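S.K.: here's my sequence, what's the structure:
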Amino acid sequence: MKGPPAGDQCHLSPAELAAAVLPAPTVEEAVRLAKGFADPTRLRILALLRLGEVCVHQIVDALGLEQSAVSHQLGTLRAARLVESTRRGRHVYYRLADEHVAAMLEGVLLHSQEV
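M.R.: Residues are numbered from 1 along each chain as shown. Reported below is the predicted structural model:
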């Protein structure tokens with residue numbers, strides 16, 4: 001990221017700064033989305049869902065967690081609009097909500113590998 005130019009003056013005008021301030025609903029939604037990524041279990045679930053639709057039982061088995069813990073995290077991911085579900089008979093299948101979520105996930109994972 002570029003720093004401010006040399007000298008004593010700030011480089012952005014008050015109008016530019018005012019235009020860059022995000023409206024409260026946008027900030028709230030962005031924070032809700034970010035919280036979805038901010039937990040190790042949720043991030044692992046999202047990474048599994050990169051493969052496509054996955055049954056809750058498969059998530060439980062793959063992560064070695066209790067179903068109640070997985071269900072709780074899936075609820076948080078649903079509330080953040082990061083995943084969607086489909087019930088087929090007794091099974092519930094989850095998938096990433098859309099390509100935006102997939103792109104955000106890939107960006108987070110790629111950036112974390114740069115360390």
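S.K.: count the neighbours of residue 36 for me.
M.R.: Residue 36 has 25 neighbours, counted by other Cβ atoms under 10 Å. (Each C-beta comes from the backbone N, C-alpha and C, glycine too.)
S.K.: and what of residue 43?
M.R.: By other Cβ under 10 Å, the residues close to residue 43 number 17.
S.K.: burial count for residue 105?
M.R.: Applying other Cβ under 10 Å, we find 19 residues neighbouring residue 105.
S.K.: and if you look at residue 78?
M.R.: Count around residue 78 with other Cβ under 10 Å applied: 15.
S.K.: bridging residues for the nearest residue to it once chain neighbours are set aside?
M.R.: With sequence-adjacent residues excluded and distances taken as Cβ to Cβ, 6 or more residues apart in numbering, residue 78 is closest to residue 85, at 6.9 Å. With DSSP bridges applied, residue 85 shows beta-bridge pairing to residue 94.
S.K.: list the contacts for residue 85?
M.R.: Counting by Cβ atoms under 8 Å, 6 or more residues apart in numbering, residue 85 makes contact with 74, 78, 92, 93, 94, 95.
S.K.: burial check on the fourth one, number of neighbours?
M.R.: Applying the criterion other Cβ under 10 Å, we find 18 residues in the vicinity of residue 93.
S.K.: may I see the contacts of residue 85 arranged in a markdown table, with distance to residue 15 and pLDDT as well?
M.R.: Output for those, formatted as a markdown table (distance: Cβ to Cβ, whole Å; pLDDT from 0 to 100):
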| residue | distance to residue 15 | pLDDT |
| --- | --- | --- |
| 74 | 44 | 97 |
| 78 | 40 | 94 |
| 92 | 50 | 93 |
| 93 | 49 | 96 |
| 94 | 45 | 97 |
| 95 | 43 | 98 |
